[in-house]
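Peer 1: generate a structure from the sequence data that follows.
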Amino acid sequence: MTPIFAFAFLAIELAGTCLASQSIVLPSISRAPSHASQVLDQSLASLSIELAFLTAFGGNNSNPNALTGELMQRIEERTGKGPDVRPGGITIDSSIFSPNAPALVLSESSAGGIYRSTFGPALYESLNVFPNSSKFVVDLNMGNNTISIARDELAAGIQYIGWDRIRALELGNEADHYAGGSRPSGWASSDYTAQFLGWTSVLSHNLSLPVHIFQAGSFADDPLPNAAMTTIDIINEGIDTTGVIKLFNQHMYQYSTCDPTRNSIATLAHLVNHTNITTYVDLWKPQIAAARERGKEFVVGEYNSVSCSGKENVTNTFGQALWLADTVLYGASVNISRMYLHQGGTLVLQSGNQANTPGFSWYDLWYPIPTDRYGTARASPSYVAYLFIAEAVGSSGVSQLAPVALPANPDLAVYAIWDSGLLTRLALINMAHRNVTTAPADADAVAVTVDLSSLGVEADSSRMDSTDSTAATWAGQSYASGIAQGSEVIEKTSQGKVDIAGSEAVLVFL
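Peer 2: Numbers count the residues shown, from 1 in each chain. Here you go, the predicted model:
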């Protein structure tokens with residue numbers, strides 16, 4: 001068999017097919033939530049967009065990016081709110097606002113590295129393509145170490161976005177990587193905390209900022225014992241003593257192509273693995289708990305599956321959709337309030353020995369403009385995961401969820417979802433690997449039939465699957481253009497049972 005990482009994960013048409021699948025009876029699920037998550041934010045599945053690529057994704061008032069607008073509307077239709085948007089990333093720390101500049105001017109080195117992003121008032125027109133219900137994180141240049149630059153950027157953000165659309169303010173991007181670059185090699189967590197306290201005090205005074213408006217952290221490295229900076233570290237150092245902090249955040253990239261060693265393990269086999277996902281996200285539990293003990297939300301302010309712009313034949317496949325659905329729902333179950341999926345392109349300055357060359361990232365949820373590398377502007381196969389998540393979260397504003405433990409079936413991720421204390425939905429994700437070359441007998445072996453009869457109801461369901469390497473569907477419809485193509489397919493359970501092929505997900509409405 002051809003290795004699975006050589007192909008996009010594909011779904012096999014189930015109509016008229018009798019799968020010799022494994023039968024799974026779910027354990028008892030309380031009709032009322034016990035040990036459920038906090039109330040889910042309707043903007044749980046949000047976005048971070050690299051500042052240097054914001055105009056490509058958003059366009060402007062004269063030429064708004066129609067694809068982006070349609071894709072965002074499909075999400076808002078399901079949750080009642082558009083996703084949050086954080087224009088930021090590494091290029092924020094070399095940015096300058098100039099009131100006389102055009103929307104965005106990128107200054108590049110001979111090697112293609114962006115060493116300065118100069119932007120003017122017209123840049124904010126790129127944000128108008130997002131739904132009116134979307135809120136924005138205003139990220140400010142801290143890497144340059146010049147507070148006047150941050151002050152001017154913040155004043156512009158307030159003027160052109162407005163407080164009614166601002167979720168939070170953020171200083172810099174991944175300050176735990178400043179040491180030895182924009183800061184001395186010994187620059188440590190305590191130095192970040194001191195500068196954060198100093199800058200937020202000055203900015204709050206000079207611009208009459210409201211209280212509880214900054215998000216602290218945005219650290220890059222996983223919160224392991226050797227991490228240079230964590231939420232726990234800065235809390236212990238007294239960062240939350242002046243009333244300016246609204247929430248805490250860190251970044252999350254499970255795999256990487258930034259160097260050959262990590263690139264070697266950035267495969268679909270590792271990515272599409274429920275145990276790998278839960279083990280990885282669990283690393284943040286102490287950080288989340290520390291934030292909540294201070295009465296603050298914890299968000300993942302930037303995340304994706306594979307850092308340094310993803311990986312061809314891995315993050316541009318339907319496998320990325322499965323990873324997204326499981327990662328975001330599990331993240332919500334451990335009380336991450338929002339997760340901001342990073343979009344953009346390869347940045348030379350991120351790594352001298354990364355696998356990727358300049359161009360839009362292989363992990364992007366959609367390719368906003370036509371390019372030689374990717375062809376026409378279109379949604380990627382992973383976009384349908386954000387529709388799956390959106391319908392799982394719903395529009396009530398009171399939903400909660402909890403994972404359903406199935407130790408005997410580690411490839412099946414199950415999440416129970418309650419609205420107003422009543423069990424209303426089940427998200428079922430079969431992470432067992434299957435692709436276009438999988439033999440029928442092997443496909444049968446990884447299929448499952450989930451018995452829901454104990455719940456005592458017949459139910460409707462929608463299915464997330466893929467039909468070829470470039471197409472994926474949600475409830476029978478594809479969204480390459482941002483507009484649903486095909487007829488919506490709502491399935492009925494048969495005798496309380498739901499069939500799920502390998503590399504497929506189903507959302508059951510009870």
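Peer 1: so for T79, what's the nearest residue that isn't a sequence neighbour?
Peer 2: Q42 (4.3 Å; Cβ to Cβ, 6 or more residues apart in numbering). (C-beta placed from N, C-alpha, C; glycine too.)
Peer 1: you'd agree the one you found is in a helix?
Peer 2: No: Q42: not assigned to a helix; according to DSSP: H, G, I helix; E, B strand; the rest coil it is coil.
Peer 1: count of neighbours near E125?
Peer 2: Per other Cβ atoms under 10 Å, the neighbour tally for E125 reads 18.
Peer 1: and it, how far from I265?
Peer 2: Between E125 and I265 the computed distance is 41 Å (Cβ to Cβ, to the nearest Å).
Peer 1: likewise D93?
Peer 2: Here the distance between D93 and I265 works out to 28 Å (Cβ to Cβ).
Peer 1: and for M339?
Peer 2: When distance is defined by Cβ to Cβ, M339 is 22 Å away from I265.
Peer 1: neighbour count for those two, which is higher?
Peer 2: Shown here are M339 and I265; by other Cβ under 10 Å, M339 has more neighbours (29 against 11).
Peer 1: and the helix or strand containing V328, what's buried?
Peer 2: In this assignment (DSSP states H and E), V328 forms part of helix 318-333. For helix 318-333, the neighbour count (16 or more other Cβ atoms under 10 Å) marks 318-333 as buried.
Peer 1: same thing with stretch 381-394?
Peer 2: For stretch 381-394, by 16+ other Cβ under 10 Å, it's 381-394.
Peer 1: need the contact list for the residue nearest to T79.
Peer 2: Contact analysis of Q42 by Cβ atoms under 8 Å, 6 or more residues apart in numbering lists 79-81, 393-395, 397.
Peer 1: could you tell me which of those are located in helices?
Peer 2: Assigned to helices by DSSP state H, the following of those qualify: 79, 393.
Peer 1: the contacts of Q42 into JSON lines, with extra columns for pLDDT?
Peer 2: What follows is those, written out as JSON lines (pLDDT from 0 to 100):
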{"residue": "T79", "pLDDT": "98"}
{"residue": "G80", "pLDDT": "98"}
{"residue": "K81", "pLDDT": "98"}
{"residue": "V393", "pLDDT": "98"}
{"residue": "G394", "pLDDT": "98"}
{"residue": "S395", "pLDDT": "98"}
{"residue": "G397", "pLDDT": "98"}
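Peer 1: any chance of the contacts of Q42 in a markdown table, plus distance to L67?
Peer 2: Formatted as a markdown table, these follow (distance: Cβ to Cβ, whole Å):
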| residue | distance to L67 |
| --- | --- |
| T79 | 20 |
| G80 | 22 |
| K81 | 20 |
| V393 | 23 |
| G394 | 25 |
| S395 | 24 |
| G397 | 28 |
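Peer 1: select from the contacts of Q42 the one having the most neighbours.
Peer 2: Of these, with other Cβ under 10 Å as the count, V393 tops at 28 neighbours.
Peer 1: distance-wise, check that one relative to A32.
Peer 2: To A32, V393 is 19 Å away according to Cβ to Cβ.
Peer 1: same deal with A472?
Peer 2: Counting by Cβ to Cβ, the gap from A472 to A32 is 35 Å.
Peer 1: how about the helices in this structure?
Peer 2: Remark: helices assigned in the chain by DSSP H are 54-58, 66-79, 147-161, 189-207, 231-236, 260-263, 268-271, 274-281, 285-293, 318-333, 383-393, 440-446.
Peer 1: turn the ones you listed into a markdown table, columns for distance to S23.
Peer 2: Formatted as a markdown table, these follow (distance: least, Cβ to Cβ, whole Å):
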| stretch | distance to S23 |
| --- | --- |
| helix 54-58 | 45 |
| helix 66-79 | 31 |
| helix 147-161 | 53 |
| helix 189-207 | 51 |
| helix 231-236 | 43 |
| helix 260-263 | 39 |
| helix 268-271 | 26 |
| helix 274-281 | 19 |
| helix 285-293 | 33 |
| helix 318-333 | 22 |
| helix 383-393 | 24 |
| helix 440-446 | 13 |
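Peer 1: nearest to L423, of those?
Peer 2: Nearest of the helices of the chain to L423, taken as Cβ to Cβ: helix 383-393 at 13.1 Å.
Peer 1: show me what the closest one is packed up against.
Peer 2: strand 45-50, helix 66-79, helix 318-333, strand 422-430, strand 460-468, strand 471-474, strand 504-509 (3 or more Cβ pairs under 8 Å, 6 or more residues apart in numbering; DSSP states H and E).
Peer 1: tell me the angle of that helix relative to strand 422-430?
Peer 2: If you take axes from the mean of the first three to the mean of the last three Cα atoms, to 10 degrees, helix 383-393 sits at 160 degrees to strand 422-430.
Peer 1: which residues are in contact with helix 383-393?
Peer 2: Outside helix 383-393, the residues within contact range by Cβ under 8 Å, 6+ apart are 40-42, 44-45, 71, 74-75, 78-79, 83, 320-322, 324-325, 328-329, 332, 341, 365-366, 399, 401, 415, 417, 425, 427, 462, 464, 472-474, 479, 505, 507.
Peer 1: buried only: go through those residues for me.
Peer 2: Listed as buried from the contacts of helix 383-393 are 40-42, 44-45, 71, 74-75, 78-79, 83, 320-322, 324-325, 328-329, 332, 341, 365-366, 399, 401, 415, 417, 425, 427, 462, 464, 472-474, 479, 505, 507; burial here means 16+ other Cβ under 10 Å.
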